[in-house]
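Enquirer: sequence-free structure coming up:
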């Protein structure tokens, strides 16, 4: 790391001008690692990472808001860019990790106020997730130029936030006092899951065809191989959390007879998705080993190695807490170790790139000039 910062930029002002929403992937990855560490004896380290991630999210939100204020015409170009527009989905997913952190870490720090904050932020996250899941696909249908040969798993990014918000809803329900609100969040979360998971699974079918016909993505997009694991993992985790919350939420409004059905169906669905995720986990690992051998240039896309793996790790640990299968817990611990190692590497490389300014790059501006 050089002593002089931002040597790759004409001026520090370019940080704002070149800031793009894929930076929120760093907050996603950091937040998911914090939540995974909370399931281990390193919960205190996870708490510190969550607090740092709040600062990171606030910083990124401020920089992106500043870009819209100072460079509105250039900021709007993201809506026409077929790749960068997909990363708009990173912001609500990053916010979801903070919402979850208020429930996992915040209650110990600030008591019941953490639940109130989480409930408000969850509703904001839901609005952003639904908006993103509708707007970006509509832009794909009306303004973008796409082709199956150029398709990557980034197509999933605007779709997945809704099921991430659904998982957050499942985590929120047990902390709510009002039975009517519990039911509202439960029903809303299952609907959010349905807004995302089936569509994501449809995209994955096309993605398999694309890879069979046109092979793996280019080296610069290599990390997108892991993004396919994301909706499968968050879909499984969401079902597990909602299934556990359903009996209490339904029982509080006189619908307790349906609780076991909800819980059983959710567990079965989660198991099937988790098993499907094993295939994508192995495929992504093999693709990464191949890319490392051929050359793997660093970019912000490397954060794609963290969030999907983290979500799958959380789903595995949650399953291990429900099913008395010791090997599941062992597998979860191995995934935790791998995730932590990957995060350390990607975070270090990101700090280097941010310090030099090399990572501040808006492709939509470059293509507009061309």
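Expert: Looks like it arrived, so ask away. Since the structure is predicted, the reported quantities are computational estimates derived from the model, not experimental observations.
Enquirer: residue 303 and residue 76, how far apart?
Expert: When CB to CB, to the nearest Å is the yardstick, residue 303 and residue 76 sit 25 Å from each other. (Each C-beta comes from the backbone N, C-alpha and C, glycine too.)
Enquirer: what mean pLDDT would you report for stretch 32-40?
Expert: Averaged across stretch 32-40, the pLDDT comes to 97.
Enquirer: need the contact partners of it.
Expert: Contacts to stretch 32-40, defined as CB atoms under 8 Å, 6 or more residues apart in numbering, come from residues 43, 45-47, 49-50, 53, 97, 100-101, 104-105, 306-307, 310-311, 313-314, 317, 332-333, 336, 339-340, 343.
Enquirer: where does this structure have low pLDDT?
Expert: Applying pLDDT under 70 to the chain flags the ranges 1-2, 367-370.
Enquirer: show me where it has its helices.
Expert: Under the criterion DSSP state H, helices of the chain are mapped to 13-17, 24-37, 43-70, 72-75, 90-101, 107-110, 112-142, 161-172, 179-214, 229-251, 259-294, 307-322, 326-356, 363-369.
Enquirer: deepest in the core, which of those is it.
Expert: Here the criterion is mean neighbour count by mean count of other CB atoms under 10 Å, and of the helices of the chain the winner is helix 161-172, at a mean of 30.
Enquirer: give me the angle between it and helix 112-142.
Expert: In this structure, helix 161-172 runs at an angle of 160 degrees to helix 112-142, with axes from the mean of the first three to the mean of the last three CA atoms, to 10 degrees as the basis.
Enquirer: and helix 161-172, how far out from the chain middle?
Expert: 11 Å (CA atoms, centre = their mean, to the nearest Å).
Enquirer: tell me which of the helices of the chain lies nearest to residue 82.
Expert: helix 112-142 (7.4 Å; CB to CB).
Enquirer: which elements pack onto that closest one?
Expert: Taking 3 or more CB pairs under 8 Å, 6 or more residues apart in numbering; DSSP states H and E as the contact definition, the neighbouring helices and strands of helix 112-142 are helix 90-101, helix 161-172, helix 179-214.
Enquirer: need those helices in JSON lines with distance to residue 116, can you?
Expert: Formatted as JSON lines, the helices and strands packed on helix 112-142 follow (distance: least, CB to CB, whole Å):
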{"stretch": "helix 90-101", "distance to residue 116": "12"}
{"stretch": "helix 161-172", "distance to residue 116": "11"}
{"stretch": "helix 179-214", "distance to residue 116": "12"}
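Enquirer: so how far is residue 87 from the spatially most central residue of the chain?
Expert: In the chain, the centroid-proximal residue (CA atoms, centre = their mean) is residue 93; its distance is 4.6 Å. With distances taken as CB to CB, residue 93 is found 10 Å from residue 87.
Enquirer: mutual contacts of those two, please.
Expert: Residues touching both residue 93 and residue 87 comprise residue 24, with contact defined as CB under 8 Å, 6+ apart.
Enquirer: surely residue 276 meets residue 235?
Expert: No: counting by CB atoms under 8 Å, residue 276 does not reach residue 235; the two are 9.2 Å apart.
Enquirer: before we move on, the earlier item: residue 4: which of the helices of the chain is closest?
Expert: Evaluated with CB to CB, those place helix 326-356 nearest to residue 4, the distance being 8.8 Å.
Enquirer: now the angle between helix 307-322 and the closest one, please.
Expert: Relative orientation of helix 326-356 with respect to helix 307-322: 150 degrees, computed using the same axes, to 10 degrees.
Enquirer: angle of helix 326-356 against helix 43-70?
Expert: Note on geometry: by the same axes, to 10 degrees, helix 326-356 and helix 43-70 are set 40 degrees apart in direction.
Enquirer: so what does helix 326-356 touch, helix or strand wise?
Expert: For helix 326-356, the contact count by 3+ CB pairs under 8 Å, 6+ apart identifies helix 24-37, helix 307-322 as packing neighbours.
Enquirer: what's the closest of these to residue 366?
Expert: Shortest distance between residue 366 and those, using CB to CB, is found for helix 24-37: 19.8 Å.
Enquirer: what's in contact with stretch 88-97?
Expert: With CB under 8 Å, 6+ apart as the test, stretch 88-97 has contacts from 21-25, 27-28, 30-32, 34-35, 50, 53, 57, 60-61, 64, 78, 121, 124-125, 128-129, 132-133, 135-136, 157-161, 164-165, 167-168, 307.
Enquirer: how near is the residue nearest to the centre of the chain to residue 85?
Expert: 15 Å.
Enquirer: do residue 104 as well
Expert: Taking CB to CB, one finds residue 104 at 31 Å from residue 85.
Enquirer: now do residue 146
Expert: 11 Å.
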